[in-house]
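1. For reference, the sequence and a predicted model appear below.
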Amino acid sequence: MQYQSQAVAKPYFVAAIGLFVGQILFGLIIGLQYVVGDFLFPEIPFNVARMVHTNLLIVWLLFGFMGASYYLVPEESERELFSPKLAIITFWVFLVAGALTVLGYLLVPYATLAEMTGNELLPTMGREFLEQPTITKIGIVLVALSFVFNIGMTILSGRKTVVSLVLLIGLVGLAVFFLFSFYNPDNLVKDKFYWWWVVHLWVEGVWELILGSILAFVLIKTTGVDREVIEKWLYVIIAMTLITGIIGTGHHYYWIGAPDYWQWWGSVFSALEPIPFFMMTVFAFNMVNRRRRNHPNKATVLWALGTAVMAFLGAGVWGFLHTLSPVNYYTHGSQITAAHGHMAFYGAYVMIVLTMISYAMPMLRGRKAASSNRSQVLEMWSFWLMTVSMVFITLFLTGAGILQVYLQRYGADPQPFMVVQDKIALFYWMREVSGVVFLIGLIAYIASFFVGGSDPEATLEPVEAQA
Amino acid sequence: MACSQGKGPEALAVNQRIDVSDTPVLVQESRYPPGDLALWIFILAELLVFALFFIAYAFTRVKHVELFNQYQATLDRNSALANTLALITASYLVVRAVAAVREGDGQRCARWLWGAVAMGGMFLLIKGGEYAHHLAAGINLSTNTFYMFYLSLTFFHFMHVILGMLILVVLAVKAGQGRYGTADHVDIESGASYWHMVDLVWLVLFPLVYVMR
C-alpha cells in the first residue's frame, strides 16, 4: 500500500462481501420458491425476497466500486485521498441506510413502508429495481455526491491518468443517471422510457467505464505492461462502449409504446454491444501474454482474465441472443432474460469487484503484494466453483427460457404461463442445485481470507524464458 | 511472447517501436496497416455498424420499393453530389498531408489538414441545409420507413464527419507545432485512416440512398 488513505477501501470491501452473502442467500430462497411456491410464505413472499436479492446486488456492487475507487485513485493520483474521514462517514451512512431499507422490505408490508417513509410527498417507489423508499434514494444521492466529490478532488489535484479520468466519468455518470429515478410520470410509457435511463445506462453505459478502468488498473499493476499501451486500448473500448451502449438503450423500447424507429436503432446498435466486450477479452489476454513480470498474486490475474471472458459471454453473447427486435418479440421478459441477467452481472460486475478485492486486500491486510500460496489456492478454487456454477445457472435458465418461449408463445398451441412453469420445473431444480454450489464457492471465497494467514507470502518468480 | 497470437499483437509491437529506421522509405514499407492497430479495430467496428444499417436498408427497400422510390425523389441529389466531391477532395488533401509528414514537413502537413477540415465544414453546411429543408417540411424519423432510414443513416454519418474533423483539427494543431517527423507520425496515419473510413462510408451511402432506383 503506497498511501495511508487507501486503507479506507477495506471496510467497503468487507461490507461488499457481507452483502454479497445476503444476496446469494435470498437468491437461493427465491430459486426454491420457483418450484416450492409456498416456501417461507407468508414470512418472506417471493416479491419481497426478489427485491432483496436484486437490491442487495446493486448495493454491494456500489460498495465494491467505491472501495475500488478509494484504493485505486490515490495510487493513480499519487497523493493521499482528499478526505479519508469523509469516506468513512459516507461508508457508515450508506451501510446503515442500506440495512434499514432491507429491514423495511422484510419487516413491514411494502405499502406500509411506502406510507411510513412519506412516499406520497414525492412518489418514486413501486418500480422494479427502484423500490427503495424516496428517503433512501435521497440518501443514495447524498452518498454518491460526497463520494464523487472526494474522489474528484483527489483526482483533479493530483496526477491525472486516463485510468482515473475514465473512472471519474463513469462515477459522475452513475450519480447523474440515478437522478432519473426521481422522475416518475403518470404516463406509463414515459415512466418506462426514463426508468431505463437509470437501469440500462448504468449497466450498459457508465458502469462499463468503471469496469474498464478498474480492469486497466489491475492489468497495469500485475503485468507491468506500459501504461500507454493499456490506455490506448481503454480509449478504444470506452468509445465503442458508449456508441453501442447509449443508442443500444433502444433495445428496451421495442414494446413499451416508443416510436417505431427504435426497432432499428435498438437492434443495430445493441447487436454491436458485444464488440467492446470482445475487445476487452482480447485486451486482457494480450496484456497478460505480454507481461514483463509474473505477479505473485496469481489469483488476481485469474479473476481479471475471468472477468474479461465472462463479461463477454454473459453481457455480450447472452445479450445478443435476445437483442434483435424480431427475436425479442418472443423472448421478452422470459427466462432468457434471467439467464442473461445472471451471467452478465456476475461476469462483468461481480467479477471485476472481486478482481479488485483480490488485488487490494492482501496489501490492505499488511502483505507486500500477495497472500500466501494456501490462501490463493483456496481463492482460485472459489473462482472456479462460483464461475462454473454460474455457467450452469445460465445454461439451465437458458434451457428453461427456450422451452418457455416455445410452449407459451411460439408453438402451434400456446399454453398458459403457469402450465408452462410446471413443465419446466426440472430446469429450476437444476438451477437451484447450481445455486447451492455457488454458495459453497462463496463460502470457500470467504474462507480464503482466514486460511494461511501465518504462512509466508507467495513470492515473485522470475518470468520463465519466453519464446 | 509465450503463445502465438496471430498478426494483431505483432503489428501492435511494431507501432510501439520508436526508432524504426533512419530511412523514411523503410518506415513506410514496414508498417501495414498504416496507423495504430487499436484504431483499425475501431474502424472495423464502425464499418460493421454501417454495414448492418446498409443491409437493413437494402432488405427493407425490397419490401417497400414503391415507397422508397417515391420519397427518394424528394432528396436533393445535387447537394449530395457536391458533398461527395467535398469529401473526396478532403480525402485527397489528407493524402497530401500524410505525404508531407513522411517527408518531415510538419507545416505543410498542417496546411493540407486544415484544407481537409475546411472541406469537412463544407459538407456539414450543405448537409445541414438539407436537414433544415426536411425539418421545415415537417419530416421526422416517424414520417415513414424511408425517411427513418434516410435520416438515421445520414445523421449517423454526419456525426462521424464531425468526429473525423475534430481528429483532423487536433492533428493539424500538433503538426503545426512540429510534433511529428519522418519516423514518428503514426497519429497522422491513424487520423487519415479514420477520415478515409468516413469518406468511404459516404461513397456507399450516396448511391445507396440518393441514386439507386
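-> Happy to help now that I have it. Since the structure is predicted, the reported quantities are computational estimates derived from the model, not experimental observations. Numbering: from 1, shown residues only, chains lettered A, B, ... in the order given.

2. how far does stretch B:113-128 sit from the chain's center?
-> On the basis of CA atoms, centre = their mean, to the nearest Å, stretch B:113-128 sits 12 Å off its chain's mean C-alpha point.

3. What residues sit buried inside that stretch?
-> B:113-117, B:119-120, B:122-123, B:126-127 (16 or more other CB atoms under 10 Å in any protein chain shown). In this view, the C-beta of every residue, glycine as well, is placed from N, C-alpha and C.

4. Just those: which are in helices?
-> Taking DSSP state H, the ones among these that sit in helices are B:113-117, B:119-120, B:122-123, B:126-127.

5. Tell me where chain B has helices.
-> B:8-16, B:24-30, B:37-63, B:65-72, B:77-102, B:106-136, B:145-176, B:186-205.

6. Flag every residue of chain A that's near chain B.
-> For chain A, the contact set with chain B under CB under 8 Å from any CB of the partner chain comprises A:226, A:229, A:232-233, A:235-236, A:239-240, A:243-244, A:259-261, A:264-265, A:267-269, A:271-272, A:275, A:279, A:282, A:286, A:289-290, A:466-467.

7. rerun that using 6 Å as the cut-off
-> Within chain A, the positions near chain B by CB under 6 Å from any CB of the partner chain are A:232-233, A:236, A:240, A:259, A:261, A:268, A:272, A:275, A:286, A:289, A:466.

8. what about the closest residue to B:Ala97 other than its chain neighbours, distance to chain A?
-> Spatial nearest neighbour of B:Ala97, excluding adjacent residues (CB to CB, 6 or more residues apart in numbering or on different chains): B:Trp112 at 3.6 Å. Taking CB to the nearest CB, to the nearest Å as the measure, B:Trp112 falls 25 Å from chain A.

9. quick revisit: just the helices of chain B: most buried one?
-> helix B:186-205 (a mean of 22; mean count of other CB atoms under 10 Å in any protein chain shown).

10. what inclination does it have with respect to helix B:145-176?
-> Per axes from the mean of the first three to the mean of the last three CA atoms, to 10 degrees, the angle that helix B:186-205 makes with helix B:145-176 is 160 degrees.

11. So what angle separates the directions of helix B:186-205 and helix B:106-136?
-> With the same axes, to 10 degrees applied, the angle from helix B:186-205 to helix B:106-136 works out at 30 degrees.

12. what does the average pLDDT come to for helix B:186-205?
-> Averaged over helix B:186-205, pLDDT sits at 96.

13. Kindly export it (C-alpha atoms) in PDB.
-> Extracted C-alpha coordinates of helix B:186-205, given in PDB (Å, rounded to 0.1, in the frame of the first residue of the first chain):
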ATOM      1  CA  VAL B 186       1.600   7.100 -36.500                       C
ATOM      2  CA  ASP B 187      -1.100   9.500 -35.200                       C
ATOM      3  CA  ILE B 188      -1.300  11.300 -38.600                       C
ATOM      4  CA  GLU B 189      -1.700   7.900 -40.400                       C
ATOM      5  CA  SER B 190      -4.300   6.800 -37.900                       C
ATOM      6  CA  GLY B 191      -6.300  10.000 -38.300                       C
ATOM      7  CA  ALA B 192      -6.000   9.800 -42.000                       C
ATOM      8  CA  SER B 193      -7.200   6.200 -42.000                       C
ATOM      9  CA  TYR B 194     -10.200   7.200 -39.900                       C
ATOM     10  CA  TRP B 195     -11.100  10.100 -42.200                       C
ATOM     11  CA  HIS B 196     -10.900   7.800 -45.300                       C
ATOM     12  CA  MET B 197     -13.300   5.500 -43.500                       C
ATOM     13  CA  VAL B 198     -15.800   8.400 -43.100                       C
ATOM     14  CA  ASP B 199     -15.300   9.200 -46.700                       C
ATOM     15  CA  LEU B 200     -15.700   5.600 -47.800                       C
ATOM     16  CA  VAL B 201     -19.000   5.200 -45.900                       C
ATOM     17  CA  TRP B 202     -20.400   8.200 -47.700                       C
ATOM     18  CA  LEU B 203     -19.300   6.700 -51.100                       C
ATOM     19  CA  VAL B 204     -21.600   3.800 -50.300                       C
ATOM     20  CA  LEU B 205     -24.300   5.900 -48.700                       C
END
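
14. and that helix with helix B:37-63, angle?
-> Using the same axes, to 10 degrees: helix B:186-205 against helix B:37-63 is 10 degrees.

15. Any stretches of chain A with poor pLDDT?
-> Scanning chain A for pLDDT under 70 picks out A:461-467.

16. Report the spatially nearest residue to the residue most central in space within it, omitting neighbours in sequence.
-> Nearest to the geometric centre of chain A sits A:Tyr349, at 2.9 Å (CA atoms, centre = their mean). Excluding its sequence neighbours, the residue lying closest to A:Tyr349 (CB to CB, 6+ apart) is A:Leu61, at 5.1 Å.

17. what does B:Phe158 give?
-> B:Lys127 (5.8 Å).

18. can you check A:Leu122 too?
-> Nearest-residue entry for A:Leu122: A:Thr134, 5.1 Å, with adjacent residues in sequence omitted and distances by CB to CB, 6+ apart.

19. pretty sure that neighbour contacts A:Leu121?
-> No. The criterion here is CB atoms under 6 Å, and A:Thr134 misses it with A:Leu121 at 7.3 Å.

20. between these two, which one's more packed in?
-> Each of A:Thr134 and A:Leu121 has its neighbours counted (other CB atoms under 10 Å in any protein chain shown); A:Thr134 has more, 20 against 8.

21. Which residues are in contact with the more buried one?
-> A:119, A:122, A:124 (CB atoms under 6 Å, 6 or more residues apart in numbering or on different chains).
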